[in-house]
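> dropping the sequence and predicted coords here.
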Amino acid sequence: MTSELEELRERVTALEDREEIRRLIQEYRRTLDERDLLAFSLLFAENGTWTGRLGEATGPEAIRTMLERTLDDNPPPPGPTLFHLNTDPAIELSGASASAFTFWMHVKRGTTDAPELPTLGYYNDTLVKEAGRWRFLRREVFRNIPAG
């Protein structure tokens, strides 16, 4: 009975970890679209790194500072507001660390108020459980369309 109970605990913990990682990925999307860069930066571990087309930075404060310098405001409606959409991530757990792969795309409000899909790419993530919470240890952002 003890081994069955332990197996059940491990399975529940894995499900909870995957769900928390999914929420982390959605919070990344939400805080980035809202340009809440303080909340965005706190999604990263103390030595977490963000790397992508806009540059690379390590640590929440450095990530926030880099994005404040490089990101324009996201215009409110009815302007050309940009939203991120994510696919369901493929998550691999390994104790207090994990990896995830997620496709993303931008949806932009076009000039005729119709949605446009200007960009498609993917994230490669390394995650770590820090102080009981899942955080990005490394988030690599890649763009497929347009190329580069």
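Arrived safely.

> same for the helix or strand encompassing Leu5, what does it pack against?
Element membership of Leu5, judged by DSSP states H and E, is helix 2-33. Packing contacts for helix 2-33, counted by 3 or more Cβ pairs under 8 Å, 6 or more residues apart in numbering; DSSP states H and E, involve helix 37-41, strand 82-86, strand 90-94, strand 97-109, strand 115-130, strand 133-145. Glycine gets a C-beta too; all of them are placed from N, C-alpha and C.

> what's the angle between the second one and helix 2-33?
Spelled out, it's strand 82-86. Per axes from the mean of the first three to the mean of the last three Cα atoms, to 10 degrees, the angle that strand 82-86 makes with helix 2-33 is 160 degrees.

> between strand 82-86 and strand 115-130, how big is the angle?
For strand 82-86 against strand 115-130, the angle by the same axes, to 10 degrees is 60 degrees.

> for the record, mean pLDDT for strand 82-86?
Across strand 82-86, pLDDT averages out at 93.

> tell me the strands beside that strand, with direction?
Strand pairing for strand 82-86, using DSSP bridges, gives strand 97-109 (antiparallel).

> ok, for Leu82, nearest residue in space, not its chain neighbours?
Excluding the flanking residues, the one nearest Leu82 by Cβ to Cβ, 6 or more residues apart in numbering is Lys108, at 5.0 Å.

> wait, the one you found sits on His84?
No. Using Cβ atoms under 8 Å, Lys108 is not in contact with His84, being 10.7 Å away.

> low-confidence stretches in this protein?
The model of the chain has pLDDT under 70 over residues 1, 148.

> what's the burial count for Pro75?
12 (other Cβ atoms under 10 Å).
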